[in-house]
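J.: okay, predicted coordinates and the sequence, questions at the end:
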Amino acid sequence: MSAIYTASATASGDGRNGHVRSSDGVLDFDLAVPKEMGGPGGALTNPEQLFAAGYAACFHSALKLVAGKQKITLVDTAITVDVGIGALPSGGFGLNVVIEAELPGLDEATARGVLDAAHQVCPYSNATRGNVEVVLNLA
């Protein structure tokens, strides 16, 4: 694969309670471990929220691309991505993902077809396939 764009970000400080900054400075903020993981939580983000936001935006773009190629009109759509983190039985930690698509105006078969096709196109889906459990739901 030849990259047409490369994003770059640096984490510093104390890892999950540290700081992240993109190379262009657009992202530049502190992180906090969520309370559920024994951290302070609060008004700071964490890696799972960042991954969920990126995946949701990317998947939504893939959905619109696929629908356009199939001549399907999408109106008022939304993608919500939930990213869970937990201990793996083999050691270390892993992620799971639930993607929920709001596709008003489409019958269930059409909506499911577009959703499944977007999952084959989305770079985040391709990156996680075989490594992360991903569940696709229609709202």
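T.: Okay, I see it.
J.: measure the spatially most central residue of the chain to Ala109 for me?
T.: The chain has Tyr55 as the residue nearest its centroid, 2.1 Å off, counting by CA atoms, centre = their mean. Applying CB to CB, to the nearest Å, one obtains 25 Å for the distance of Tyr55 from Ala109. Any C-beta I mention is one placed from the backbone N, CA and C, and that applies to glycine too.
J.: in contact with Ile85, which residues?
T.: Contacts for Ile85 (CB atoms under 8 Å, 6 or more residues apart in numbering) come out as Met37, Glu48, Phe93, Gly94, Leu95.
J.: just these now: which is nearest Gly25?
T.: Glu48 (23.0 Å; CB to CB).
J.: doesn't Gly84 belong to a helix?
T.: No: counting by DSSP: H, G, I helix; E, B strand; the rest coil, one finds Gly84 to be strand, located in no helix.
J.: my guess is it meets Leu95, correct?
T.: Yes: counting by CB atoms under 8 Å, Leu95 is a contact partner of Gly84 at 6.5 Å.
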